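>>> need the 3D shape of this:
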Amino acid sequence: MLRLHKGRSDHGIGSFPSERIGWRTVLAYPALGERLLGERERWPLWLPVFVGAGIALYFGLPFEPPPWAGPLVFACLVGCAAAGRRRPAVLAVAVALALAAAGLSVASWRTHRVAAPVLERLSGAVAVEGTVSQVELMAEGGQRVTLDRVAVTVEGAAPTRVRLRFRPRMPPVAVGARIRVRAVLIPPAPPSIPGGFDFPRRAWFMGLGATGMALEPAEVLAEGGPGSWRLVLNQVRQAVAERIRAVLPGPEGGVATAIMTGETVGVPADVLANYRDTGLAHILVIAGLHMGMVAGLVFFVVRGGLALVPAVALRRPIKKWAASVALLVIGSYDLLAGLPLPATRAFIMAAVVLLAVLIDRGALTMRLWALAATVIMLAEPEQIAGPSFQMSFAAVGALVATYEVAGPKLRELRRAWRGRLGRAGLHLGRMALTTMAAGTATTVYGLYHFNRIAIFQVAANLLAVPVVGVAVMPFAVAALVLMPFGLEALALVPLGWGIAVINWIAAWVAGWPSAQVVAPVLPTWGLIVFSLGGLWLVLWRGGWRYWGLPVMAAGLLSMAFGRPPDLVVDGRGQAFGVRTADGALLISRGGRVLRDTWGRRAGPAAPGRWPKMGRSDDGSLSCDFEICLYRTGERVVALVKDEDAIDAACAGPEVVISAVPIRQTCQGARTVVDRFDLWRRGAHALWLEPNGRVRVETVAAWQGDRPWSLHPKPRHPRPPRPEEPRPQKPEDEAADDDD
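Numbering: from 1, shown residues only. All right, here's what the predicted structure looks like:
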């Protein structure tokens with residue numbers, strides 16, 4: 001028990017005035033107080049957690065808070081902290097809430113700061129003029145071009161930044177050029193299912209007002225000249241990518257471009273799928289693996305080269321010189337990659353380690369983790385909602401915590417196993433431990449975002465990562481060094497051989513039985529619970545850190561409470577999905593992206609074909625040219641494709657989903673979703689509950705009323721709606737009728 005005597009602790013922790021400790025609280029919970037005081041050096045690690053909680057709260061709100069709300073709450077909480085500074089419990093709660101309010105304020109400020117016009121509707125063929133700010137080489141050929149300072153005439157708001165696809169037959173354009181091109185522009189596409197990838201939110205923070213397709217070759221109005229530092233970097237990236245693809249035109253070139261410049265759009269779809277299915281996708285993303293290998297390679301090459309000159313090695317601080325060069329190289333690498341989140345996080349952590357070498361200080365790795373997380377969240381708070389941030393920091397946090405526990409034992413084994421065979425076994429063991437720790441931490445976040453689990457990722461990484469370290473990254477660095485002299489082929493050719501080996505490993509492991517499993521949907525609240533348990537596990541050091549394990553397990557068990565929807569319809573009423581007798585989702589039509597998204601979020605996708613006429617294989621769906629009837633138990637759902645079938649659909653089925661407007665009241669239907677509903681609220685997911693009710697979720701309700709949300713605007717005055725309300729409209733939908 002923690003005893004206090006004359007304002008001092010006899011626990012050996014130090015001297016604390018009793019009134020500052022809050023002795024009544026400590027005596028009420030002596031074990032908890034002792035543990036907290038014993039780990040007071042870990043308290044700063046929770047700073048990014050509370051800041052991140054405020055940011056997550058902001059993005060989870062169903063409405064946009066006033067810009068002044070966060071700063072006002074923050075100021076009030078700071079005042080509370082100052083007033084309660086002599087009461088530790090009050091001070092701790094006020095500081096934690098103030099940090100959360102600061103995170104919410106930063107996220108709100110960032111949202112308003114990046115605001116830019118967004119295209120309201122499909123433009124048709126229009127003349128688009130703009131400055132090429134970024135060019136990416138597509139795997140299937142052609143370019144993906146981002147235009148800034150756009151001038152275009154469209155109905156409604158005119159976007160100032162757009163991204164266009166140029167077909168392979170079109171002449172390439174260069175970064176910095178001012179061009180004019182006829183193109184079709186479309187607004188950022190909303191999710192195809194509630195809970196799917198929210199591209200409009202991502203586009204909002206990119207300042208992207210529209211995407212589209214170029215219809216003809218671009219007219220160059222002015223060649224590229226001096227511009228901003230970002231424009232110069234993008235010009236360098238384009239030149240590097242073109243030089244790589246000139247030597248390595250196949251899949252190896254796409255992977256090499258991803259590793260060296262961060263552009264992944266050049267990786268063929270089948271190769272990318274193999275990497276994802278085997279847990280090797282991190283190789284395509286410039287992150288800690290790449291930064292660590294580059295920093296280590298440059299450091300040891302420079303230090304080893306200087307050590308060969310005795311006059312320099314004995315009189316100069318060659319270790320610090322090597323650290324300085326390594327710092328310069330990884331900083332340039334991060335800039336060449338375009339400052340993506342994983343690379344920037346890895347650069348911050350590696351930079352602090354190298355700076356510690358320069359000033360003869362030790363690097364506190366978990367504090368580096370907290371520092372990097374805080375810096376990135378304050379600079380780009382929107383990243384917290386994306387898989388890149390979550391998986392990157394989960395992997396690093398798990399690795400640091402794992403080696404905090406396993407480090408002493410590994411050092412003992414290293415002293416005991418001095419032979420080559422023992423060292424090799426220890427090295428393989430460390431690789432397996434690293435892969436298991438990072439893979440376990442990232443699997444849950446990958447499951448939440450992608451609903452996939454790579455079963456054999458440990459085996460794939462044990463085979464592929466050594467190849468990356470020996471035959472890929474050294475030649476990648478050498479190729480970048482040789483490019484100014486036009487000799488990059490000397491390094492790119494062997495680099496292609498190494499990448500070909502990794503591609504073969506990915507394809508081989510992906511072909512193993514059940515290498516990739518589609519998992520059930522993990523609810524958002526389950527991910528939050530899992531994350532809180534994981535943070536408790538990695539941020540504390542004592543035995544109580546393992547209290548986080550049952551919390552993490554509870555988060556994972558949330559998958560058992562989820563049930564995929566019985567019916568899905570996209571926002572245009574062109575694609576339907578129905579649950580078959582074996583639990584799969586039968587999809588009427590749609591492209592690869594829609595089918596993949598529905599298969600993961602509401603699937604798995606059924607192998608059979610949607611019947612144009614007749615019945616499905618399980619007999620639950622029967623169709624003709626105008627209508628489909630879906631039967632499950634005694635319940636009937638009508639899927640209307642033509643206006644002539646509206647009367648028949650409204651006569652008997654309990655649920656009516658129509659791809660065309662329904663301008664009269666459906667007397668027999670309890671739930672009606674027509675073209676107007678789909679236009680206003682986007683894709684719908686419906687659950688036929690056992691109690692006879694129908695639960696409806698929409699993209700609009702899931703997104704909330706946010707700046708990037710679905711806000712359709714009519715081209716013409718809206719057709720008159722019937723005065724009589726539809727019977728038994730779901731409550732969550734009825735409130736939005738007049739949006």
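
>>> quick check, Val247 in contact with Pro494.
No - in terms of C-beta atoms under 8 Å, Val247 does not count as a neighbour of Pro494; the distance is 11.0 Å. C-beta: built from backbone N, CA, C; applies to glycine.

>>> please enumerate the strands of the stretch 151-300 of the chain.
Secondary structure of the stretch 151-300 of the chain (DSSP state E, counting those that start in this stretch): strands located at 162-166, 178-186, 210-214, 219-222.

>>> is it fair to say Ala127 lies in a strand?
Yes - using DSSP: H, G, I helix; E, B strand; the rest coil, the assignment for Ala127 is a strand.

>>> and it, how many neighbours?
12 (other C-beta atoms under 10 Å).

>>> which residues touch it?
Ala127 sits next to Val152, Thr153, Arg180, Val181, Arg182 when contact means C-beta atoms under 8 Å, 6 or more residues apart in numbering.

>>> how far does stretch 623-632 sit from the chain's center?
38 Å (C-alpha atoms, centre = their mean, to the nearest Å).

>>> list the buried residues in it.
Within stretch 623-632, the residues scored as buried using 16 or more other C-beta atoms under 10 Å are Cys623, Ile627, Cys628, Leu629, Tyr630, Thr632.

>>> before we move on, back to that, of all the strands of the stretch 151-300 of the chain, which lies closest to Phe197?
strand 210-214 (14.1 Å; C-beta to C-beta).

>>> report the residue ranges of every domain in this structure.
As given by automatic domain parsing, the domain ranges for the chain are 4-113, 125-225, 251-385+458-517, 524-561, 567-734.

>>> please name whichever of the ones you listed is nearest to Asn451.
Set against Asn451 and scored by C-beta to C-beta, those come closest in domain 567-734, at 3.9 Å.

>>> what about the closest one, average pLDDT?
If you average the pLDDT over domain 567-734, you get 81.

>>> just stretch 377-390 next, same as before
For stretch 377-390, the mean confidence score works out to 91.

>>> can you pull the buried residues of that stretch?
Neighbour-count burial for stretch 377-390, counted by 16+ other C-beta under 10 Å, picks out Met377, Leu378, Glu380, Pro381, Glu382, Gln383, Ile384, Ala385, Gly386, Ser388, Phe389, Gln390.

>>> could you dump that stretch to CSV, C-alpha only?
Output of stretch 377-390 as CSV, limited to C-alpha atoms (Å, rounded to 0.1, in the frame of the first residue of the first chain):
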residue,chain,number,x,y,z
MET,A,377,-2.1,14.8,-36.5
LEU,A,378,-1.5,18.5,-35.9
ALA,A,379,-0.3,19.0,-39.5
GLU,A,380,-2.9,16.7,-41.3
PRO,A,381,-5.6,15.7,-38.8
GLU,A,382,-7.7,14.1,-41.6
GLN,A,383,-5.1,11.3,-41.8
ILE,A,384,-6.3,9.8,-38.5
ALA,A,385,-9.4,8.4,-40.3
GLY,A,386,-7.4,6.6,-43.0
PRO,A,387,-5.8,3.1,-43.1
SER,A,388,-2.3,4.5,-43.7
PHE,A,389,-2.1,6.4,-40.4
GLN,A,390,-3.8,3.7,-38.4
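
>>> make TSV from the domains of the chain and add distance to Thr402 to it.
Shown next, in TSV, are the domains of the chain (distance: least, C-beta to C-beta, whole Å):
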stretch	distance to Thr402
domain 4-113	16
domain 125-225	31
domain 251-385+458-517	11
domain 524-561	9
domain 567-734	29
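
>>> isn't Ala81 right next to Val95, touching?
Yes - using C-beta under 8 Å, Ala81 makes contact with Val95 at a distance of 5.4 Å.

>>> how many residues are close by Leu428?
Neighbour count of Leu428, defined by other C-beta under 10 Å: 12.

>>> how close does it sit to Trp417?
12 Å (C-beta to C-beta, to the nearest Å).

>>> how far is whichever helix or strand Ser622 is part of from where the chain is centred?
Ser622 is located in strand 621-623, with elements delineated by DSSP states H and E. Here strand 621-623 is found 38 Å from its chain centre; the criterion is C-alpha atoms, centre = their mean.

>>> show me what it is packed up against.
For strand 621-623, the packing partners by 3 or more C-beta pairs under 8 Å, 6 or more residues apart in numbering; DSSP states H and E come out as strand 614-615, strand 627-632.

>>> show me what the last one is packed against.
Here strand 627-632 touches strand 576-579, strand 621-623, strand 635-640, going by 3+ C-beta pairs under 8 Å, 6+ apart.

>>> closest to Arg167 among the contacts of Ala127?
For the contacts of Ala127, the nearest to Arg167 is Val181 (11.6 Å; C-beta to C-beta).

>>> contact partners of stretch 626-638?
With C-beta under 8 Å, 6+ apart as the test, stretch 626-638 has contacts from 566-567, 576, 578-579, 620-623, 639-642, 644-645, 648-649, 652-657, 669, 688.

>>> got a quick PyMOL command for the buried subset of those?
Filtering these down to the buried ones (16+ other C-beta under 10 Å) takes a single PyMOL command:
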select buried, resi 566+567+576+578+579+620+621+623+639+640+641+645+649+653+654+655+656+657+669+688
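
>>> follow-up on the earlier one: for the contacts of Ala127, which one is nearest Pro117?
Val152 (10.3 Å).

>>> who touches the closest one in this structure?
Ser123, Val126, Ala127, Val128, Glu129, Ala158, Pro159, Val162, Leu185.

>>> if we use 10 Å, what do you get?
Contacts for Val152 (C-beta atoms under 10 Å, 6 or more residues apart in numbering) come out as 119, 123, 126-130, 158-160, 162, 180, 183, 185, 209-210.

>>> over to Arg695?
Arg563, Pro565, Asp566, Thr671, Ala685, Leu686, Trp687, Leu688, Glu689, Pro730, Asp732.

>>> in the sheet, who's paired with it?
For Arg695, the residues forming beta bridges with it (DSSP bridges) are Trp687.
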